[in-house]
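[1] Show me how the following folds:
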Amino acid sequence: MEKLCCILVVGCFLTIPVLLHSAEPVAKASPGSELDEESATPSPAATPVVFSAQTLGDLKRLQQAALSSDYAYREVAHLSDNIGPRLTGSAQAAKAVEYVANELKAIGCEVQLEKVMVPHWVRGEEKAALVQFPGMADGTIQKIVLCALGGSVATGKDGITADVVAVKNFAELKAMSRDKVAGKIVLFTYSFDKQLAAVGRSGEAYGEAVAYRSDGPSAAARLGAVACLIRSVGGADYRIPHTGSTKYATDAPKIPAGAVTSEDADLIADLVKQGPVKMKLLLTPQTLPDVESANVIGDIKGSEHPEQVVIVSGHLDSWDLGTGAIDDGAGVAVSMEAANLIHKLNLKPKRTIRVIAWMNEENGTRGSKQYAKDHEKDWANHFGCMETDNGADHPVGLHVKARPEVKTLLKPVAAVLQESGAGALELSEHAGADISPLEKAGVPSFAPIQDGRFYFNYHHTAADTLDKIDPKNLAQTSAIVAVWAYAMANAEQAMPR
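    Residues are numbered from 1 along each chain as shown. Next up, the predicted model:
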């Protein structure tokens, strides 16, 4: 997850650009404004013609076709319901690679499977209970709902029984002496900021809270803690734990790490204020040898410049608690839909449109790194790239990670997208975790701007299931992806880098 303009948080590897409130809707331009001059009828003296009248007409056809198509929904439904959770190394992840490759072949893409060695972490058993706390009835326990963090080590088959120390943040922990922490279980109670999320800045709220998932276990281990728990990083309060990767530092022991629900974090923090609290914790995850997997690559070859590539993408792997519908079956499905619609409408892109279903975004970004290794000598021919990994809610436009001039050049495309309410263009610091190597190389990078107010209620939880996707919203996102891809593929000039 990336916190826009500030941080790149490694651990969930999900990019959520924010600042929806500051986007510039095309529809609000007044007659005679700069937008009006630079949109469908740009002045040759003021703005170069980047998109021909034919291309703009084809973009409108693509948009309308996307809005009436259910192809993307059917694809995400199969990934989510039929194949299910797709954690790297799993049988479901392997099945998903095979399925998407076959689907892309069926719509006319030239398909390659580019080998990636991925981590294989298995969750195992997860149990926790308070076995001593103030006011408890004799012979009882208080069950705690939790999940292991991705990459966590195990407690051992007999588990760990230890006192709990509750702290709000890193500063509180750092202020404690080692003898107050050593031999105990540390709980970080830092809360996801729901008010920030409610005003469209959910990515920022997530970025602030997820630091405890990434760095909390090592911070606790440096003071001698035997395990670390965090308050789940998300907006839902229905006793649902929220997983995601942790990151063990090289200068600290690896200790078991998990996420408790918001309700249980509050419970423990309250009891600790009253007196000693002891927990029995059992986590039995395993890290198995790496497994061979693949990025799925599907190309529609360009008619004039086949060597130049425009990427649309999402990540195929998912966490294992839910079925990976919004994170990120939706992103894969809308990318596939772009190719499907271009093929169905018999459109001929001048440049190659490349659909990529990335493998291992969630716990390593190995697919992205391998693609960079395999293709970095050809970055000059990567014309533009897009990643869709922000869920499946209503889209309003495009994040633009590129030079400011690119935003201006894309205004005719934004004018088309505004017909379905998605014409905002927002200069952003990041567009996607998997396309970050291309971003760093200067390749113009993009992502749909989507309503993220409720995304973290479900993301990385057992509630990430197909019912969270509205087919209409998904079709609107497909329209953005397809229109952007074809516009880039048929642009009359290269975007400045």
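
[2] CA atoms for contacts and neighbours, from now on please.
    Fine.

[3] Assign a three-state SS to residue 187, would you?
    strand (DSSP: H, G, I helix; E, B strand; the rest coil).

[4] Same check on residue 383?
    When the rule is three-state DSSP, residue 383 gets the label strand.

[5] cool, residue 252 as well?
    Strictly by three-state DSSP, residue 252 counts as coil.

[6] Quick one: residues contacting it.
    Applying C-alpha atoms under 8 Å, 6 or more residues apart in numbering to residue 252 gives the contacts 218, 219, 221, 222.

[7] what's around residue 335, how many residues?
    27 (other C-alpha atoms under 10 Å).

[8] what helix or strand is it on?
    helix 330-344 (DSSP states H and E).

[9] Counting by contacts, list what that helix packs against.
    helix 53-67, helix 71-77, strand 305-315, strand 351-358, helix 471-489 (3 or more C-alpha pairs under 8 Å, 6 or more residues apart in numbering; DSSP states H and E).

[10] Now flag whichever of the contacts of residue 252 is closest to residue 487.
    Residue 487 lies nearest to residue 218 out of the contacts of residue 252, by C-alpha to C-alpha, at 46.4 Å.

[11] quick one: that closest one and residue 249 touch, right?
    Yes. The pair residue 218 and residue 249 passes the contact test of C-alpha atoms under 8 Å, sitting 5.9 Å apart.

[12] The two: who's more crowded?
    Neighbours were counted for residue 218 and for residue 249 using other C-alpha under 10 Å; residue 218 has more, 26 against 15.

[13] For residue 224, see how far away that one is.
    Separation of residue 218 from residue 224 (C-alpha to C-alpha, to the nearest Å) stands at 10 Å.

[14] before we move on, what about residue 203?
    32 Å.

[15] Looking at those two, which one has more neighbours?
    More crowded of residue 203 and residue 224, by other C-alpha under 10 Å: residue 203, with 25 against 21.

[16] Checking residue 219 next. Helix, strand or coil?
    Quick answer, by three-state DSSP: residue 219 is helix.

[17] quick one: pLDDT of it?
    pLDDT for residue 219: 98.

[18] same deal with residue 57?
    Value listed for residue 57 in the pLDDT field: 97.

[19] What about it, how many residues nearby?
    13.

[20] picking up where we left off before, Serialize the contacts of residue 252 to CSV and add fields for distance to residue 342.
    Converted to CSV, those look like this (distance: C-alpha to C-alpha, whole Å):
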residue, distance to residue 342
218, 49
219, 50
221, 53
222, 55
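
[21] Which one of these is nearest to residue 60?
    Nearest to residue 60 among the contacts of residue 252, with distances taken as C-alpha to C-alpha, is residue 218, at 51.9 Å.

[22] and that closest one, what is it in contact with?
    247, 248, 249, 252, 253, 254, 255.

[23] cool, and residue 330?
    72, 73, 76, 314, 388, 389, 391, 392, 474.

[24] go with 6 Å
    residue 76 (C-alpha atoms under 6 Å, 6 or more residues apart in numbering).

[25] I'd say residue 148 and residue 261 touch.
    No. With contacts counted by C-alpha atoms under 6 Å, residue 148 stays clear of residue 261, the gap being 11.7 Å.

[26] ok now do residue 117, which residues does it touch?
    291, 292, 293.

[27] Could you list everything it pairs with in the sheet?
    Here residue 117 sits in beta bridges with residue 292, as judged by DSSP bridges.

[28] so what pLDDT did it get?
    In this model, residue 117 carries a pLDDT of 98.

[29] what stretches of this protein score poorly on pLDDT?
    Where the chain drops to pLDDT under 70, the residues are 1-48.

[30] Residue ranges of each domain in it, please.
    Following automatic domain parsing, the chain resolves into domains at 19-120+289-489, 124-284.

[31] can I get those domains in TSV with distance to residue 497?
    Below are the domains of the chain laid out as TSV (distance: least, C-alpha to C-alpha, whole Å):
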stretch	distance to residue 497
domain 19-120+289-489	6
domain 124-284	26
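
[32] How many neighbouring residues does residue 310 have?
    That count, for residue 310 with other C-alpha under 10 Å as the rule, works out to 26.

[33] Could you double-check that it lies in contact with residue 387?
    No. Counting by C-alpha under 6 Å, residue 310 stays clear of residue 387, with 11.2 Å between them.

[34] And residue 105, which helix or strand is it part of?
    helix 91-106.

[35] which other residues reach that helix?
    With C-alpha under 6 Å, 6+ apart as the criterion, helix 91-106 contacts 83, 86.

[36] If we use 7 Å, what do you get?
    Residues outside helix 91-106 that contact it (C-alpha atoms under 7 Å, 6 or more residues apart in numbering): 79, 83, 84, 85, 86, 87, 111, 293, 294, 296, 298, 317.

[37] what's the first-to-last distance across stretch 281-291?
    Span of stretch 281-291 from end to end, C-alpha to C-alpha: 29 Å.

[38] Now it: buried residues?
    Neighbour-count burial for stretch 281-291 flags 281, 282, 283, 284, 285 (criterion: 16 or more other C-alpha atoms under 10 Å).

[39] which residues are in contact with it?
    89, 117-129, 148, 152-157, 159-161.

[40] What of stretch 188-201?
    With C-alpha under 7 Å, 6+ apart as the criterion, stretch 188-201 contacts 18-21, 166-169, 202, 205-206, 209, 229-231, 233-235, 265, 451-453.

[41] ok, of the residues you listed, which come out buried?
    By 16+ other C-alpha under 10 Å, the contacts of stretch 188-201 give 18-20, 166-169, 202, 205-206, 209, 229-231, 233-235, 265, 451-453 as buried.

[42] Show me the residues you listed that map onto strands.
    166, 167, 229, 230, 231 (DSSP state E).

[43] Turn those into a markdown table, columns for distance to residue 338.
    Supplementary listing: those in a markdown table, determined by distance: C-alpha to C-alpha, whole Å:
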| residue | distance to residue 338 |
| --- | --- |
| 166 | 49 |
| 167 | 47 |
| 229 | 42 |
| 230 | 39 |
| 231 | 39 |
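
[44] so who does residue 485 touch?
    Applying C-alpha under 7 Å, 6+ apart, the residues near residue 485 are 310, 312, 353.

[45] actually residue 235, not the one I wrote
    192, 194, 456, 457.

[46] Tell me the residue in the chain that is farthest from the middle.
    Largest separation from the mean C-alpha position in the chain: residue 138, at 45.8 Å (C-alpha atoms, centre = their mean).

[47] hang on, that one in a helix?
    No. With three-state DSSP as the criterion, residue 138 is coil rather than part of a helix.

[48] what's it sitting at in phi/psi?
    phi -60, psi 140 (degrees, to the nearest 10).

[49] Identify the residues contacting the residue nearest to residue 66 when sequence neighbours are not counted.
    Leaving aside its chain neighbours, residue 66 sits nearest to residue 479 (5.0 Å; criterion: C-alpha to C-alpha, 6 or more residues apart in numbering). Listed by C-alpha under 7 Å, 6+ apart, the contact set of residue 479 reads 62, 63, 66, 67.

[50] Between all of the residues you listed, which two are at the greatest distance?
    62 and 67, at 8.6 Å, using C-alpha to C-alpha across the contacts of residue 479.
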